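Asks: model the structure of this input:
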Amino acid sequence: MRFPAEARRDVHVRYTRPSCMGGFAVFTVDFEPLPDRRLGFEFVNPLGPDDIDAECAQEVSNGILLWLIGAGPQNVYIDRPPLPTAKELAAGVPVRPDAGPGLIALRAVLLHSRHHPIDSLPWTHARAGWRAADKTWRGTEAAGDPMDLAP
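Replies: Numbering: from 1, shown residues only. This is a model prediction of the structure:
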């Protein structure tokens, strides 16, 4: 069985941490099964550097993949487990147990992102990527998250 079985569209995440260190990540992403019954993980970023820089985009991808393999929120940036390689993912990596049975077969497409020249940091994008995946599969439990509704 492949995970996910169906697409989840327009997942909006707003992750802000006001502090002296800053922290700002706002983006929308689609999650869809890989075509042609393939296994693995693809992250598609058609946006330019005015929307999101390459390092932050990579951390969104890493955050999503960390959720898929079962890392908790405390392991997203500190004590991060090793990520599976593309070869391992293509051979079949089980999705986290609480998401149900299956092997990872996911494409994540970044649709929109806002960039802040000072506060858009890689660690906030990794956490926001993890939250996007978590929010997607928790469904209605995550609807109306106050952080997403903040100005």
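Asks: could I get the buried residue list for the host helix or strand of residue 12?
Replies: Residue 12 belongs to strand 8-16 when assigned by DSSP states H and E. Using 16 or more other Cβ atoms under 10 Å as the test for burial, strand 8-16 gives 8, 11, 13-16. Heads up, the C-betas are built off the backbone N, CA and C, glycines and all.
Asks: of those residues, closest to residue 95?
Replies: residue 8 (13.8 Å; Cβ to Cβ).
Asks: distance from stretch 122-132 to the middle of the chain?
Replies: 7 Å (Cα atoms, centre = their mean, to the nearest Å).
Asks: what sits opposite the nearest residue to residue 86 once chain neighbours are set aside in the beta ladder?
Replies: In space, and not counting its chain neighbours, residue 86 is closest to residue 40: 6.7 Å by Cβ to Cβ, 6 or more residues apart in numbering. On the basis of DSSP bridges, residue 40 is bridged to residue 105.
Asks: hmm, back to that, give the other helices and strands that the strand holding residue 12 contacts.
Replies: Applying 3 or more Cβ pairs under 8 Å, 6 or more residues apart in numbering; DSSP states H and E, we find strand 8-16 packed against strand 24-33, helix 122-138, helix 146-149.
Asks: dump the longest one to CSV, keeping only the CA atoms.
Replies: Output of helix 122-138 as CSV, limited to C-alpha atoms (Å, rounded to 0.1, in the frame of the first residue of the first chain):
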residue,chain,number,x,y,z
PRO,A,122,15.6,27.6,7.9
TRP,A,123,14.6,26.3,11.4
THR,A,124,11.2,27.9,11.2
HIS,A,125,10.6,26.4,7.7
ALA,A,126,11.6,23.0,8.9
ARG,A,127,9.1,23.2,11.8
ALA,A,128,6.4,24.6,9.4
GLY,A,129,7.0,21.7,7.0
TRP,A,130,6.6,19.3,9.8
ARG,A,131,3.4,21.1,10.9
ALA,A,132,2.0,21.1,7.3
ALA,A,133,2.3,17.3,7.1
ASP,A,134,0.9,16.8,10.6
LYS,A,135,-1.9,19.2,10.0
THR,A,136,-2.8,17.5,6.7
TRP,A,137,-3.3,14.0,8.2
ARG,A,138,-4.9,15.1,11.4
